Structures are given as structure tokens and as C-alpha cells.
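Undergrad: the sequence isn't on hand, but the structure is:
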């Protein structure tokens with residue numbers, strides 16, 4: 001087993017593992033790279049390699065805390081054992097206090113069975129809900145009937161009140177995009193949606209700012225809504241690996257001072273993705289407050305993931 005600290009120099013190796021064994025929406029090299037924040041808060045992206053398999057992890061060396069992004073990059077039947085081998089390796093190197101993994105309930109049981117002899121898995125400290133839209137049956141683009149009346153009225157009100165233009169985010173000045181991020185962060189602080197991820201929809205703005213600096217590396221789509229000539233939103237995402245026709249909408253932030261902008265930006269994102277031919281869109285993991293907003297767009301299903309801490313016995 002090998003720890004690869006310079007992930008940029010091994011980009012081809014990591015991307016080949018993602019292409020072969022990626023399965024989670026977050027399995028994307030650009031997304032992974034944007035979490036590399038050693039200078040800001042001591043978090044370093046370290047790829048744990050075992051032959052052609054691996055784990056996308058983030059390490060805080062001072063705390064000896066490791067966080068895994070998505071599932072292991074390995075065939076499903078071998079994923080739990082790969083986690084066990086990584087835990088043993090890190091423990092042997094005296095680098096492990098805590099290993100954080102986000103798992104569905106059924107995957108948690110499999111991992112628990114593989115590691116329970118030497119490690120303990122905590123109760124989940126966070127539950128995230130992931131709405132998924134089946135584009136083959138989603139009719140939000142038409143906005144017909146009583147089911148879509150409320151959304152139809154919201155969008156019409158927004159269109160009548162503003163001059164609207166949609167552009168590629170790459171065409172917007174980075175400082176202007178970062179201003180959207182900072183305002184978004186402030187609004188969550190004002191509303192109290194920042195205290196802890198368990199009950200909030202606050203997230204780490206450092207990641208968004210770095211993603212902007214990386215020109216949305218790894219994204220298939222990155223769009224911004226200009227409202228009355230000023231950039232006011234960012235939506236971005238990419239194809240889910242090894243899931244034909246599936247798209248992950250990873251970024252969706254907007255200036256909440258502008259009434260109805262959130263509905264318009266996310267609705268337009270879904271309409272655009274349907275026109276592009278995607279069959280399924282995953283709108284990302286959210287605590288309950290943000291899930292309620294995403295349900296306005298009528299997902300076809302919702303699944304849950306649970307955040308667990310694995311520690312030595």
C-alpha cells in the first residue's frame with residue numbers, strides 16, 4: 001500500500017482508477033483537487049493506492065484524521081476489505097486516530113463486518129438526503145398543470161422583475177464569482193444555517209473558491225445567471241463515472257437576496273441537462289433544510305447517506 005501526496009503529479013493514475021472503478025457522484029479528480037487545502041486548514045488530499053485500486057482521502061495530519069470521498073475505487077465486492085487494509089496500514093504507520101466515511105446503510109453493514117474485529121464504527125453523526133431526478137419522466141421543463149403551478153408562478157414573477165442572461169461561469173471574472181460565494185456564506189450565517197452540517201446547509205466556502213481558481217476542473221457544465229447585468233449564481237457538475245446518462249449537480253449557490261433566483265437557477269439547470277440528453281440528475285447530499293428546497297423540483301426518488309467515524313478499539 002502506498003500514500004500518494006502529490007496527487008497532481010499522479011493525476012493520470014488517479015483518473016484511470018476513477019474511470020475503471022468510480023461509482024459515487026463525488027468521484028471526480030477536479031472535485032478532489034479542490035479539497036487540497038493544506039495552507040488554509042491543514043487538509044491534504046492523499047491518494048491511498050493498492051495496486052490498481054485506491055481510496056480518495058483527505059488527511060489532517062495534526063489530528064490524524066482521514067476522510068474518504070465516495071466509495072473505494074475498487075470492485076464492489078472488494079471495497080470493504082480495501083478499507084480494512086487501509087485502516088491497518090495507517091494504524092501501523094501511526095497516522096490514524098479517526099477515519100471518516102460516508103456510506104449508505106447497506107454499505108455500512110458490509111464495512112462494519114470487515115473491520116469490527118479491530119475497529120469500531122460510531123453511530124452516524126450526520127444524515128444526508130440525495131434527491132435524484134429521472135429526466136425521462138421529469139416534466140418540469142413544460143411547467144404544465146396543477147403540479148407545477150407554484151413553480152410556474154415563481155419563475156414568471158422572476159422573469160418579469162429582472163433582465164436575465166445565462167453564461168458559462170468560465171466567462172465571468174473570478175472575483176465576481178467569489179463574491180457570490182461570500183454572499184452565500186453570509187446569508188447562511190444570518191439564517192443560522194451554519195452551526196453544524198448535521199442540521200444545516202452550510203458548507204466549506206474554501207472549496208468553492210478553489211474550484212473557481214481551478215476553472216471548474218473536471219466539470220461538464222458550469223453556468224451562471226446574470227441578473228440585471230450582475231453575476232448572481234453558480235451551478236456546476238459532471239458525469240457520474242460508470243453510470244451512463246447520469247449527471248451530478250455538485251455546485252448550486254446563489255445570492256439569496258434576489259427573490260426567486262434559487263428556483264430559477266436550479267430549474268434552468270435541470271432543463272438544460274434534459275435538453276443535453278441526460279437520463280438522470282443527482283442534486284447532491286443535503287441536510288433536511290436544503291432537501292426541502294430541492295423537493296420543489298419534484299425528484300423521482302431520494303436516497304440517504306450516513307457519515308460514520310471509524311476509530312481503533
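TA: Nice, thanks for sending it over. Bear in mind the structure is a predicted one, so any value in this text is a computation, not a measurement.
Undergrad: residue 106: neighbour count?
TA: Other residues within reach of residue 106, judged by other Cβ atoms under 10 Å, total 7. C-beta coordinates here come from the backbone N, C-alpha and C atoms, glycine included.
Undergrad: confirm that it sits in a helix.
TA: Yes. Under DSSP: H, G, I helix; E, B strand; the rest coil, residue 106 falls within a helix.
Undergrad: quick check: pLDDT value at it.
TA: Per-residue pLDDT puts residue 106 at 88.
Undergrad: just the one 4 residues further on next, same as before
TA: Among the per-residue scores, residue 110 shows a pLDDT of 91.
Undergrad: which SS class is it?
TA: Classified using three-state DSSP, residue 110 is helix.
Undergrad: try residue 150
TA: Quick answer, by three-state DSSP: residue 150 is helix.
Undergrad: quick one: contacts for it?
TA: Contacts for residue 150 (Cβ atoms under 8 Å, 6 or more residues apart in numbering) come out as residue 296.
Undergrad: again, but for residue 296
TA: Residues in contact with residue 296 (Cβ under 8 Å, 6+ apart) are 150, 151, 263.
Undergrad: try it again at 7 Å.
TA: Neighbouring residues of residue 296 by Cβ atoms under 7 Å, 6 or more residues apart in numbering: 151, 263.
Undergrad: now do residue 245
TA: Residues near residue 245 by Cβ under 7 Å, 6+ apart: 278, 279, 280.
Undergrad: mind putting those residues in JSON lines, pLDDT included?
TA: Below are the contacts of residue 245 laid out as JSON lines (pLDDT from 0 to 100):
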{"residue": "278", "pLDDT": "98"}
{"residue": "279", "pLDDT": "98"}
{"residue": "280", "pLDDT": "98"}
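Undergrad: go through those residues and flag which are in strands.
TA: residue 280 (DSSP state E).
Undergrad: most neighbours, which of the contacts of residue 245?
TA: residue 278 (22 neighbours).
Undergrad: for the residue lying closest to that residue once chain neighbours are set aside, name its beta-bridge partners.
TA: Nearest residue to residue 278, sequence neighbours excluded (Cβ to Cβ, 6 or more residues apart in numbering): residue 247, at 4.6 Å. On the basis of DSSP bridges, residue 247 is bridged to residue 239, residue 281.
Undergrad: then the one 4 residues further on?
TA: In this entry, residue 251 is beta-bridged to residue 236, by DSSP bridges.
Undergrad: go on, residue 101?
TA: Under the criterion used (DSSP bridges), residue 101 bridges to residue 308.
Undergrad: and it, how many neighbours?
TA: The tally of other residues near residue 101 (other Cβ under 10 Å) stands at 24.
Undergrad: now do residue 121
TA: If we define neighbours as other Cβ under 10 Å, then residue 121 has 18 of them.
Undergrad: tell me which element residue 131 falls in.
TA: Assessed by DSSP states H and E, residue 131 sits inside strand 126-134.
Undergrad: which residues touch that strand?
TA: Residues from elsewhere that reach strand 126-134, judged by Cβ under 7 Å, 6+ apart: 197-198, 270, 280-287, 291, 294-295, 297, 299-307.
Undergrad: picking that back up, looking at the contacts of residue 245, spot the one nearest residue 113.
TA: residue 280 (30.2 Å; Cβ to Cβ).
Undergrad: sec struct for the closest residue to residue 86 other than its chain neighbours, please.
TA: Using Cβ to Cβ, 6+ apart and skipping the chain neighbours, the partner closest in space to residue 86 is residue 48 (5.1 Å). Three-state assignment for residue 48 (three-state DSSP): strand.
Undergrad: OK, contacts around residue 48?
TA: 1, 3, 54, 55, 57, 86.
Undergrad: give the full set of residues in contact with the fourth one.
TA: In other words, residue 55. 48, 68, 72, 73, 82, 86.
Undergrad: need the strands for the stretch 1-150 of the chain, in chain order.
TA: Ranges of strands within the stretch 1-150 of the chain are 2-4, 43-50, 53-60, 65-68, 98-103, 119-121, 126-134, based on DSSP state E, counting those that start in this stretch.
Undergrad: the stretch 151-300 of the chain now?
TA: Using DSSP E, counting those that start in this stretch, strands in the stretch 151-300 of the chain cover 164-168, 221-227, 230-231, 233-239, 246-254, 280-282.
Undergrad: point out the most buried one among the ones you listed.
TA: strand 233-239 (a mean of 25; mean count of other Cβ atoms under 10 Å).
Undergrad: centroid-nearest residue for this protein?
TA: By Cα atoms, centre = their mean, the chain has its centre lying nearest to residue 250, at 4.6 Å.
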